[in-house]
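Peer 1: Make a model of this:
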Amino acid sequence: MSLVAVNPTELPVTLSIGTRRAFDAGRAYHYRFVDEINMYVCDHQTTTNVAGEVMALQVGVDEQGTTWYVAQEGALVDGQGFVARQIVFRTTERFWEPGRHEWQLNANSSSTNRDNSNWGDTTFAFTEVPENVGLIPAATGLLQIADA
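Peer 2: Here you go, the predicted structure:
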C-alpha cells in the first residue's frame, strides 16, 4: 500500500476503538492524533507484545485503487516518525466517526509477520469519540475521504 494525498477535513483529537466486549471490560484502544507524524497513535502496546510497538492508523491504497484506513503495528521513532511492521486491520469506512464499523483482519498477523497480503475474516468494532472533544483539520498525508 502507498500513502495518498488528502483533502483537509476535521477529525477528533482523540477517539477509542474496540469491540463492545472490549469497551465493557475497559480494554478499548485509545488513540490520539499526533501532529508530527500525521497519524492516530494508540496509547498502549499492541496485543502481539512486540517490545516498543504500538498501533497507529493511516491511509493506504491497494493495487486495485481501493482506499483503506489501516491499523498498523510498528514503532514510533523519536516522536517524529513511525516504522510499520504489519497491517493488522483495515476498513474502507470512516472509522473516526462514532458507531459500528467493519474491519478486515490480516490472516497472517503475528509478532513476526511482515506479510500484508492475506486478508481473511472480518470483525465489527465500535468507535467512540468523547463529547466536546477538540477537532483538528486533517493534515496532508493522513486521510483521503474515499466517498467525498
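
Peer 1: Tell me the bridge partners for the residue positioned nearest the centre of the chain.
Peer 2: Centroid-nearest residue in the chain: L57, 2.4 Å away (criterion: C-alpha atoms, centre = their mean). Beta-bridge pairing of L57 under DSSP bridges involves Y40, A71.

Peer 1: same question, R100
Peer 2: Under the criterion used (DSSP bridges), R100 bridges to F126.

Peer 1: Hmm, it is touching F126, no?
Peer 2: Yes. Applying C-beta atoms under 8 Å, one finds R100 in contact with F126, separated by 5.5 Å. Using the backbone N, CA and C atoms, a C-beta is placed for each residue, glycine as well.

Peer 1: So for these two, which sits in the more crowded spot?
Peer 2: For R100 and F126, the more surrounded residue by other C-beta atoms under 10 Å is F126, and the numbers stand at 16 against 11.

Peer 1: returning to that earlier point: let me see the contact set for the residue nearest to the centre of the chain.
Peer 2: 31, 39-41, 69-72, 95 (C-beta atoms under 8 Å, 6 or more residues apart in numbering).

Peer 1: What segments of the protein are helices?
Peer 2: Per DSSP state H, the chain carries helices over the ranges 20-24.

Peer 1: remind me which residues of it are low pLDDT?
Peer 2: The chain contains residues with pLDDT under 70 at 1-8, 109-115, 138-148.

Peer 1: What number of residues are in the vicinity of the residue lying closest to A22 once chain neighbours are set aside?
Peer 2: Leaving aside its sequence neighbours, A22 sits nearest to A28 (C-beta to C-beta, 6 or more residues apart in numbering; 4.9 Å). By the criterion of other C-beta under 10 Å, A28 has 20 neighbours.

Peer 1: can you give me phi and psi for A28?
Peer 2: Reported as degrees, to the nearest 10, the phi and psi values for A28 are phi -70, psi 160.

Peer 1: wait, isn't it in contact with R20?
Peer 2: No. Contact status for A28 versus R20: not in contact, 9.6 Å apart, counting by C-beta under 8 Å.
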